[in-house]
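> Based on what follows, work out the 3D shape:
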Amino acid sequence: MYARFQPCRRNARRPRCGGFARMGGLGGMGGLFGGGRGGRRGSPLMRIGIAVVIALFALTTYYCSTQSNPMTGGSQRVGNITPDQEIAMGLQAVPGIVAQFDGISRDATSKSVVQGVGQRLLPAIAKVHAKTPEDNPYPFEFTLLDDDETVNAFALPGGQTFVTEALFREFTREDQLAAVMGHEMAHVIFRHGAERMARENLNGSLTMAATFAKGDMSGGAVAQMMLRLVSNGYSREQEAQADHWGLLYMAEAGYDPQGMIGLLEVLEKQDSGPSPPKYFSTHPRTPDRIEAIRELIARIDREGLNRVIESSSAALRK
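Predicted coordinates for the structure are as follows:
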């Protein structure tokens with residue numbers, strides 16, 4: 001999904017850089033800002049001035065550019081990323097993702113269960129957000145991966161949703177599968193991937209500004225910047241939002257909300273083992289999540305599902 005950065009190699013005639021140099025970007029900045037061997041280092045005031053311009057542009061672009069979510073109606077900072085771009089990025093990543101997790105499962109029955117749960121959730125998601133299924137811009141696809149060792153589930157920004165066989169086999173009820181799929185589909189509907197990419201773009205630009213100000217644009221500094229951009233998972237706020245709306249989706253689809261508790265108990269058991277599964281590299285620990293879900297289920301029991309959906313939707317538009 002991300003291009004590998006190739007550090008600069010220099011000869012007596014001119015610098016040769018991979019990646020950014022071909023785009024006329026960072027690779028050609030060494031001479032101007034003092035990063036090149038034998039080049040004249042720019043003055044500190046020049047570097048600071050460039051850094052300020054970069055930082056102001058990045059902050060203005062991020063904080064002054066919002067989009068309305070086509071499903072929830074909420075305003076989000078996602079930069080210039082469109083749903084169509086999210087879909088394209090997701091589709092581009094699918095072959096590599098499938099290969100990484102040992103391909104698509106050969107268990108036809110289990111694959112049918114996963115696809116059936118996903119298809120049952122889709123109209124419920126539309127109804128929760130007072131939309132029709134046709135209003136949903138994301139062409140969701142549901143795939144059971146053949147990996148029987150990695151306990152994981154995830155969705156790409158374009159709606160491609162995956163569950164590994166290792167996690168699938170931990171479930172004793174379909175409600176638990178609906179819970180994890182509802183959670184991952186909520187990440188897509190709420191555009192958490194686009195939010196994260198926009199935030200990482202901001203962080204990267206601010207890091208670049210600081211690097212310019214210090215006069216250090218070495219290949220190592222840029223490589224570290226790129227690693228940070230691709231290594232962060234969802235925030236705790238985003239995970240809590242996916243838990244909340246994932247439960248509402250599954251409840252609207254007719255699944256028992258207690259399935260979300262069952263899912264989190266399965267994950268808590270896995271989390272307590274000597275080698276916590278990959279799932280926890282991007283998801284927070286479970287005790288607080290279990291407590292929050294219990295409170296939401298109790299609220300649904302008191303107020304009714306429709307009223308909870310209405311109040312939750314109203315909160316999004318504030």
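> quick one: the residue nearest to residue 265 when sequence neighbours are not counted from residue 261, how far?
If the residues on either side of it in the chain are set aside, residue 265 comes closest to residue 290, at 7.3 Å by CB to CB, 6 or more residues apart in numbering. Backbone N, C-alpha and C define where each C-beta goes, glycine included. With the distance defined as CB to CB, to the nearest Å, residue 290 ends up 6 Å from residue 261.
> And the residue nearest to residue 265, what's its pLDDT?
Reported pLDDT at residue 290 in the predicted model: 91.
> Likewise for residue 153?
Looking at residue 153 specifically, the model assigns a pLDDT of 93.
> And residue 116, by the same measure?
pLDDT for residue 116: 98.
> Only the buried residues of the host helix or strand of it, if you could.
With elements delineated by DSSP states H and E, residue 116 resides in helix 108-128, which encompasses its position. Along helix 108-128, these residues count as buried under the neighbour rule (16 or more other CB atoms under 10 Å): 110-111, 113-114, 117-118, 120-122, 124-126, 128.
> would you turn those into TSV with distance to residue 158?
Shown next, in TSV, are the buried residues of helix 108-128 (distance: CB to CB, whole Å):
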residue	distance to residue 158
110	23
111	20
113	23
114	18
117	19
118	14
120	20
121	16
122	15
124	20
125	15
126	17
128	20
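> which among these gets closest to residue 161?
Nearest to residue 161 among the buried residues of helix 108-128 is residue 118, at 6.3 Å by CB to CB.
> distance of the residue nearest to residue 265 from residue 155?
22 Å.
> And those two? Which one has more around it.
Neighbours were counted for residue 290 and for residue 155 using other CB atoms under 10 Å; residue 155 has more, 26 against 18.
> Now do the same contact list for the more buried one.
The neighbours of residue 155, taking CB atoms under 8 Å, 6 or more residues apart in numbering as the test, are 161-162, 184-185, 187-188.
> surely residue 193 meets residue 184?
No: the pair residue 193 and residue 184 does not pass the contact test of CB atoms under 8 Å, sitting 11.0 Å apart.
> So residue 161: helix, strand or coil?
Following DSSP: H, G, I helix; E, B strand; the rest coil, residue 161 is assigned to strand.
> Is it possible to get CSV of the contacts of residue 155 that adds distance to residue 311, pLDDT and neighbour count?
As requested, the contacts of residue 155 are exported to CSV (distance: CB to CB, whole Å; pLDDT from 0 to 100; neighbours: other CB atoms under 10 Å):
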residue, distance to residue 311, pLDDT, neighbour count
161, 27, 96, 26
162, 32, 96, 24
184, 24, 95, 21
185, 21, 98, 26
187, 22, 95, 25
188, 23, 96, 28
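> Among these, which one lies nearest to residue 239?
residue 187 (8.6 Å).
> Enumerate the strands of this protein by residue range, in sequence order.
9-10, 15-16, 67-68, 75-76, 141-145, 153-155, 160-164 (DSSP state E).
> and the ones you listed as JSON lines, adding distance to residue 242?
Supplementary listing: these in JSON lines, determined by distance: least, CB to CB, whole Å:
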{"stretch": "strand 9-10", "distance to residue 242": "44"}
{"stretch": "strand 15-16", "distance to residue 242": "44"}
{"stretch": "strand 67-68", "distance to residue 242": "19"}
{"stretch": "strand 75-76", "distance to residue 242": "14"}
{"stretch": "strand 141-145", "distance to residue 242": "17"}
{"stretch": "strand 153-155", "distance to residue 242": "10"}
{"stretch": "strand 160-164", "distance to residue 242": "12"}
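> Of all these, which one is nearest residue 173?
For residue 173, the closest of these is strand 160-164, at 14.5 Å, according to CB to CB.
> For the closest one, which strands pair with it and how are they oriented?
When pairs are called by DSSP bridges, strand 160-164 turns out to pair with strand 141-145 (parallel), strand 153-155 (antiparallel).
> and residue 75, which of the ones you listed is closest to it?
strand 153-155 (22.3 Å).
> So which residues of the protein form helices?
Secondary structure of the chain (DSSP state H): helices at 30-33, 44-64, 83-100, 108-128, 165-168, 174-189, 192-214, 219-231, 236-252, 258-271, 287-303, 305-316.
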